[in-house]
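Student: Show me the folded form of this:
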Amino acid sequence: MMLGELYEKQKSYGQRLSEMMKTMQFEVDTVIPIRPEALGRPCREAYLVAEGVVVVLEQNGAMSSKPLAILPSESIISIIQECTPELQRLLSDKRRNESNKVKSMERVLKELKKAQATFKQTKKDEDLTEDEEEEEPAPVVEQGSRKDNAEIVAPATSRNQRDSFAFRGSFGEKKDAGVTS
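Tutor: A predicted model of the protein is given here:
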């Protein structure tokens, strides 16, 4: 009875190992060569392919394939030992490549954010410049006589003196305030 339990455990562990190998191989999605010595029998070539299937090319040219889970325990262990270093290398390479892609995307995203911020700032600056241009320009003073220009520039105290009742000139020079020549 103990021997039966051991066979069951052995079969169960073989299936679990096979499932783990299928999962790892699915991640790398490649065929892994197996040395013929790892199978424990003579053959020309052997490969672990998708879904944990072992493909064997026999000496006579015939080809057979079997799921890893149904092979004898010794073969499962030997194949896993044979394929694990290559799977680790492939997984490491894939992880490194994916990491590099993510880093590149992060850099591009960062640069795009900088460009977007610069664009927004430029747009704000342009909007402010347009608002200043849209404001009404200062009124243009029409050129009149020199006397009218002098009144605009003259300080308020001299204007008050001139408009006062103390007349200091001849009647020919005085002009009405509302009439311009």
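Student: which residues in the protein form strands?
Tutor: 32-34, 45-49, 53-57, 63-67 (DSSP state E).
Student: Select, out of those strands, the one closest to Glu86.
Tutor: Taking CB to CB, strand 32-34 is the member of the strands of the chain nearest to Glu86, at 5.3 Å. For the C-beta atoms, the positions are set from N, CA and C on the backbone; glycine is no exception.
Student: Quick one: list the elements packing against that closest one.
Tutor: Contacts defined by 3 or more CB pairs under 8 Å, 6 or more residues apart in numbering; DSSP states H and E place strand 32-34 against strand 45-49, helix 73-134.
Student: ok, back up a step: of all the strands of the chain, which lies closest to Glu82?
Tutor: Closest approach to Glu82 among these (CB to CB): strand 32-34, 5.3 Å.
Student: Okay, now the unreliable bits of this protein?
Tutor: The chain contains residues with pLDDT under 70 at 1, 130-181.
Student: Need the helices and strands packed on strand 32-34 in JSON lines (columns: mean neighbour count).
Tutor: What follows is the helices and strands packed on strand 32-34, written out as JSON lines (neighbours: other CB atoms under 10 Å):
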{"stretch": "strand 45-49", "mean neighbour count": "18"}
{"stretch": "helix 73-134", "mean neighbour count": "12"}
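Student: Out of the ones you listed, the one nearest Asp29 is which?
Tutor: Of all those, helix 73-134 sits nearest to Asp29, with 9.0 Å by CB to CB.
Student: which helices and strands sit right next to that closest one?
Tutor: helix 2-28, strand 32-34, helix 36-39.
Student: Specify the angle between the longest one and strand 45-49 in degrees.
Tutor: Going by axes from the mean of the first three to the mean of the last three CA atoms, to 10 degrees, helix 2-28 is angled at 80 degrees with respect to strand 45-49.
Student: can you offset everything so residue one is 209?
Tutor: Understood, numbering begins at 209; the last thing we discussed is helix 210-236.
Student: Need the residues that contact stretch 298-310.
Tutor: 232, 235-236, 238, 240 (CB atoms under 8 Å, 6 or more residues apart in numbering).
Student: Can you tell me which of those residues are buried?
Tutor: Buried by 16 or more other CB atoms under 10 Å: 232, 236, 240, out of these.
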